[in-house]
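*Asks:* can't give you the sequence, but here's the structure:
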């Protein structure tokens, strides 16, 4: 059972080694020097303007530049051929990817440490002594990121993945774990009981959701109020906690995208999906594949 806004913290969840958070941009440049160098060499294969644009991003927003580099490395490590795709004048997805004669796009967005701290109340660095405390999931903020990226993914001829990445150690450990990914699909849940006796809730508790911050679902504005899909230009989402060692990455699939993604192209990554039939019932069930 989970509450509406706050969750309990557990140390080193899901067998992940904790990496300390970085305090300054210089710390980040040092900590991710190998990834930065590798991405720089990779970009040199292409036109000089792309390298310059990324170097400028590294200077002005190092977290975003590092998350882009980490995502490119992640894809390459999964035997994906990665090429820059973004039109420097008009925008578009960051990468065009090919594997097994199938192609897809990847667009990267970064949740900075400052934003993650503000939204979750978690400090960037993992504390040496961990006591029980409360924090918020990033569910609503991730929805906002996906809303902004929907237009960028619209009108494409191939599946498009949005990679939501962060270097925030604490948020990566607790807001990018399986339960949090499920929460992104269903929206924030709350405990519900059907009966009230003498001013107190009674009966068997169960979880409900208003879908208010679900990534891909909403209630129709029609009279029947049926569940309908939203943001279907996005085929899938990758949740990338690059502040952990090794990085933790989970995926979630859109239940009815315009361009479905063959999740076998990233077979080493676990994806969460809704089990078909939810449109005809009042129950949301999901599975990990």
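*Replies:* The structure has been received and is ready for your questions. Fair warning: this is a prediction, and the values are worked out from it, not measured in the lab.
*Asks:* For residue 160, give the beta-bridge partners.
*Replies:* Residue 160 has these beta-bridge partners by DSSP bridges: residue 105.
*Asks:* Settle this for me: it is touching residue 234, isn't it.
*Replies:* Yes. Between residue 160 and residue 234 there is a contact under C-beta atoms under 8 Å: 6.1 Å. Backbone N, C-alpha and C define where each C-beta goes, glycine included.
*Asks:* where do the contact lists of the two overlap?
*Replies:* By C-beta atoms under 8 Å, 6 or more residues apart in numbering, residue 160 and residue 234 have these common neighbours: residue 153.
*Asks:* Could I get the full set of helices for the stretch 51-200 of the chain?
*Replies:* For the stretch 51-200 of the chain, applying DSSP state H, counting those that start in this stretch gives helices covering 62-77, 113-120, 139-153, 169-175, 178-186.
*Asks:* Which elements pack onto the last one?
*Replies:* Contact partners of helix 178-186 among helices and strands, from 3 or more C-beta pairs under 8 Å, 6 or more residues apart in numbering; DSSP states H and E: helix 139-153, strand 236-241, strand 248-253, strand 271-274, strand 286-288.
*Asks:* Please identify the buried residues of the shortest one?
*Replies:* If you call a residue buried by 16 or more other C-beta atoms under 10 Å, then strand 286-288 has these buried ones: residue 286.
*Asks:* Strand partners (parallel or antiparallel) of that strand?
*Replies:* Using DSSP bridges, the strands paired with strand 286-288 are strand 271-274 (antiparallel).
*Asks:* what bridges to the most centrally placed residue in the chain?
*Replies:* In the chain, the residue lying closest to the centroid (C-alpha atoms, centre = their mean) is residue 239, at 3.0 Å. Beta-bridge pairing for residue 239 (DSSP bridges): residue 164, residue 250.
*Asks:* returning to that earlier point: Throw the helices of the stretch 51-200 of the chain into a markdown table and include mean neighbour count, distance to residue 55 and mean pLDDT, thanks.
*Replies:* A markdown table is the format used below for the helices of the stretch 51-200 of the chain (neighbours: other C-beta atoms under 10 Å; distance: least, C-beta to C-beta, whole Å; pLDDT from 0 to 100):
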| stretch | mean neighbour count | distance to residue 55 | mean pLDDT |
| --- | --- | --- | --- |
| helix 62-77 | 22 | 8 | 98 |
| helix 113-120 | 18 | 21 | 96 |
| helix 139-153 | 18 | 22 | 95 |
| helix 169-175 | 26 | 26 | 93 |
| helix 178-186 | 20 | 33 | 92 |
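*Asks:* Name the stretch from those helices that approaches residue 32 most closely.
*Replies:* Nearest to residue 32 among the helices of the stretch 51-200 of the chain is helix 62-77 (4.9 Å), distances taken as C-beta to C-beta.
*Asks:* Relative to the whole chain's centre, how far out is stretch 272-286?
*Replies:* 20 Å (C-alpha atoms, centre = their mean, to the nearest Å).
*Asks:* does residue 248 really touch residue 176, like I thought?
*Replies:* Yes. Assessed by C-beta under 8 Å, residue 248 is found in contact with residue 176 at 5.7 Å.
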